[in-house]
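Peer 1: Predicted model and sequence below, questions to follow.
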Amino acid sequence: MSTSYLEHPARVTRRRNGAVEVHPEAATAPQTVWVAVYPGGEGEAAWEGLRAHPSGEGRAVVAAVPVFAYDLNLGDEVEVVATAEGPLVAVRPLRDAGRHTYRVWFPDWPDLAQDERVQELQDELQRFGCWFDVYSPHLVAVSAEPDVARAVADHLDAQERAGRFLYEVGRSTA
């Protein structure tokens, strides 16, 4: 059995007036909480590592935008337990912060060094105050507050129909 560990390479950020702003909670998150995500295949397990803040005994608040885990969002509180090896594992959600997560997949680009699609999307969604967790030049997670989530989804849907990218919703429930 093989195991994949998918840890985010960057912190949660957004663009505001041309400058990059790091989410205050993400900037100081002292720990990683591991969340079991989809099985990668026969005999393979996958875990997503999310930055988090302890919020009490056996509790942590997520300070990342999940790229692979469903029904978990920036600011949600989870119950955690330490494994025998030491790392913390999320057992179950405790408090939903109300945010919505969207995953955006950009198709191949001939020159990734010149690829500005993520920055363009950040600029487009700046008016909604969205936060971004850039996993790779192809895959970005977007966090939207509840009051703008529908407008963000509408924008992403229109851009997907225009052929710019593919997107999905990170909530399987309303």
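Peer 2: Nice, I can see it.
Peer 1: what about the longest strand in the protein?
Peer 2: Taking DSSP state E as the criterion, the chain has its longest strand at strand 44-56.
Peer 1: next SSE after it?
Peer 2: Later in the chain than strand 44-56, the nearest helix or strand by DSSP states H and E is strand 59-62.
Peer 1: do you know how far the nearest residue to Thr28 once chain neighbours are set aside is from Val61?
Peer 2: Excluding its sequence neighbours, the residue lying closest to Thr28 (CB to CB, 6 or more residues apart in numbering) is His53, at 7.4 Å. In short, each C-beta sits where N, CA and C put it, glycine included. Using CB to CB, to the nearest Å, His53 is found at 5 Å from Val61.
Peer 1: and if you look at Gly98?
Peer 2: Gly98 sits 13 Å away from Val61, going by CB to CB.
Peer 1: which residues do these two both contact?
Peer 2: Residues within reach of Gly98 and of Val61 at once, by CB atoms under 8 Å, 6 or more residues apart in numbering, are Gly75.
Peer 1: For those two, indicate the residue with more neighbours.
Peer 2: Val61 (20 against 12; other CB atoms under 10 Å).
Peer 1: Now do the same contact list for the more buried one.
Peer 2: Residues in contact with Val61 (CB under 8 Å, 6+ apart) are Glu25, Ala52, His53, Ser55, Gly75, Asp76, Glu77, Val78.
Peer 1: any chance of those residues in a markdown table, with pLDDT and distance to Thr32 too?
Peer 2: Formatted as a markdown table, these follow (pLDDT from 0 to 100; distance: CB to CB, whole Å):
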| residue | pLDDT | distance to Thr32 |
| --- | --- | --- |
| Glu25 | 93 | 14 |
| Ala52 | 96 | 7 |
| His53 | 95 | 11 |
| Ser55 | 95 | 15 |
| Gly75 | 97 | 16 |
| Asp76 | 98 | 15 |
| Glu77 | 98 | 16 |
| Val78 | 98 | 12 |
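Peer 1: Show me how to select, in PyMOL, the buried members of those.
Peer 2: Per 16 or more other CB atoms under 10 Å, the buried members of the contacts of Val61 correspond to this PyMOL selection:
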select buried, resi 25+52+53+75+76+77+78
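Peer 1: measure stretch 92-100 end to end?
Peer 2: Across its full length, stretch 92-100 reaches 18 Å end to end, with CA to CA, to the nearest Å as the criterion.
Peer 1: Can you list the residue ranges for strands in the protein?
Peer 2: 2-7, 13-16, 19-22, 31-41, 44-56, 59-62, 77-82, 88-95, 100-105, 131-134, 139-144, 166-169.
Peer 1: could I get the ones you listed as JSON lines with distance to Gln122?
Peer 2: Listed next are the strands of the chain as JSON lines, based on distance: least, CB to CB, whole Å:
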{"stretch": "strand 2-7", "distance to Gln122": "22"}
{"stretch": "strand 13-16", "distance to Gln122": "4"}
{"stretch": "strand 19-22", "distance to Gln122": "9"}
{"stretch": "strand 31-41", "distance to Gln122": "24"}
{"stretch": "strand 44-56", "distance to Gln122": "19"}
{"stretch": "strand 59-62", "distance to Gln122": "20"}
{"stretch": "strand 77-82", "distance to Gln122": "27"}
{"stretch": "strand 88-95", "distance to Gln122": "27"}
{"stretch": "strand 100-105", "distance to Gln122": "11"}
{"stretch": "strand 131-134", "distance to Gln122": "6"}
{"stretch": "strand 139-144", "distance to Gln122": "9"}
{"stretch": "strand 166-169", "distance to Gln122": "14"}
